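Engineer: Quick one, fold the following:
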Amino acid sequence: MSTPHNAAVEGQIAKTVLMPGDPLRAKYIAETYLENVECFNTVRNMFGYTGTYKGKQISVMGGGMGIPSIGIYSYELYSFYGVENIIRIGSAGGIQDDVKVRDIVIGMGACTDSNFASQYGLPGTFAPTASYELLEKATTIAKEKNYKTVVGNVLSSDVFYNANKSANDQWKEMGVLCVEMEAAGLYMNAAKLGKKALAILTISDHLYTGESLSAEDRQNTFNEMMEIALEMA
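Structural biologist: Reported below is the predicted structural model:
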């Protein structure tokens, strides 16, 4: 059964899906790490692939930029294709002084300035959190590989160019580690649908020091994040 955004049919998508924002990164992961690869989606150039990694079936698909985009793709994967686990793998901008460029941040919780949760009509503020099972698995794998990880709260912002110039300072005061644009929406979909989700993020730049990775450095560092996610299949 296909959807308006996904041409896959039943059985083409694995129970665990890795979801980078960039569809070309999904293509890179499939071509670099997976065997017996099948492309199941090219709708809107949001590439999706299924293959095997160390004998285990796993899928990878782009999720786009922002909560509205990953909200659509993750909802369809969870609701119509039997996906149980979605692991977001993406970049983030560091906020805290002790979060360095190249660090891997695992999002235990995801603050947000998005209005995504309003659809649920809750009598309060919902706190989007990761699956502990996936989080524990990710941190264990990272330790085994000797990859540095930082676990904590991240910010999923709807705004890349923020007119409120003090916004980052305010989130920093609350201990938020970094800013990205998708995790909170993914976590909310998982919660509502009884599924599991986790965001694993590589710090590609720092909002206060101005440090950023070159294209080559990003590729090498992002590989560590990808390998943690792949080992979770």
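Engineer: Now do the contacts for the closest residue to residue 171 other than its chain neighbours.
Structural biologist: Computed as CB to CB, 6 or more residues apart in numbering, the closest residue to residue 171 that is not its neighbour in sequence is residue 155, at 5.2 Å. Heads up, the C-betas are built off the backbone N, CA and C, glycines and all. Residues in contact with residue 155 (CB atoms under 8 Å, 6 or more residues apart in numbering) are 95, 110-113, 171, 176, 178-180.
Engineer: So which residues of this structure form helices?
Structural biologist: 23-33, 67-80, 132-145, 167-173, 183-193, 215-231 (DSSP state H).
Engineer: any idea how far residue 180 is from residue 67?
Structural biologist: Computed as CB to CB, to the nearest Å, the residue 67 to residue 180 distance reads 10 Å.
Engineer: so what's in contact with the two at the same time?
Structural biologist: residue 156.
Engineer: Pairing partners for the spatially most central residue of the chain in the sheet, please.
Structural biologist: Note on the chain: the residue nearest the mean C-alpha position is residue 88, at 1.9 Å, using CA atoms, centre = their mean. Under the criterion DSSP bridges, residue 88 forms beta bridges with residue 19, residue 199.
Engineer: Repeat that for residue 203.
Structural biologist: When bridges are called by DSSP bridges, residue 203 pairs up with residue 92.
Engineer: what's around the spatially closest residue to residue 195 that is not a sequence neighbour, how many residues?
Structural biologist: Using CB to CB, 6+ apart and skipping the chain neighbours, the partner closest in space to residue 195 is residue 78 (4.8 Å). A count of nearby residues for residue 78, using other CB atoms under 10 Å, gives 23.
Engineer: quick one: pLDDT of residue 78?
Structural biologist: Residue 78 carries a pLDDT value of 98.
Engineer: Hmm, it is touching residue 188, no?
Structural biologist: No: Residue 78 lies out of contact with residue 188 (CB atoms under 8 Å); the separation is 11.3 Å.
Engineer: Any stretches of this protein with poor pLDDT?
Structural biologist: 219-220 (pLDDT under 70).
Engineer: and the residue of the chain most remote from its centre, backbone torsions?
Structural biologist: Seen from the C-alpha centroid of the chain, the residue lying at the greatest distance (CA atoms, centre = their mean) is residue 123, 27.6 Å away. Phi and psi for residue 123, reported as degrees, to the nearest 10, are phi -90, psi 40.
Engineer: how near is it to residue 32?
Structural biologist: In terms of CB to CB, residue 123 sits 47 Å off from residue 32.
Engineer: now swap in residue 114 and tell me
Structural biologist: Residue 114 sits 32 Å away from residue 32, going by CB to CB.
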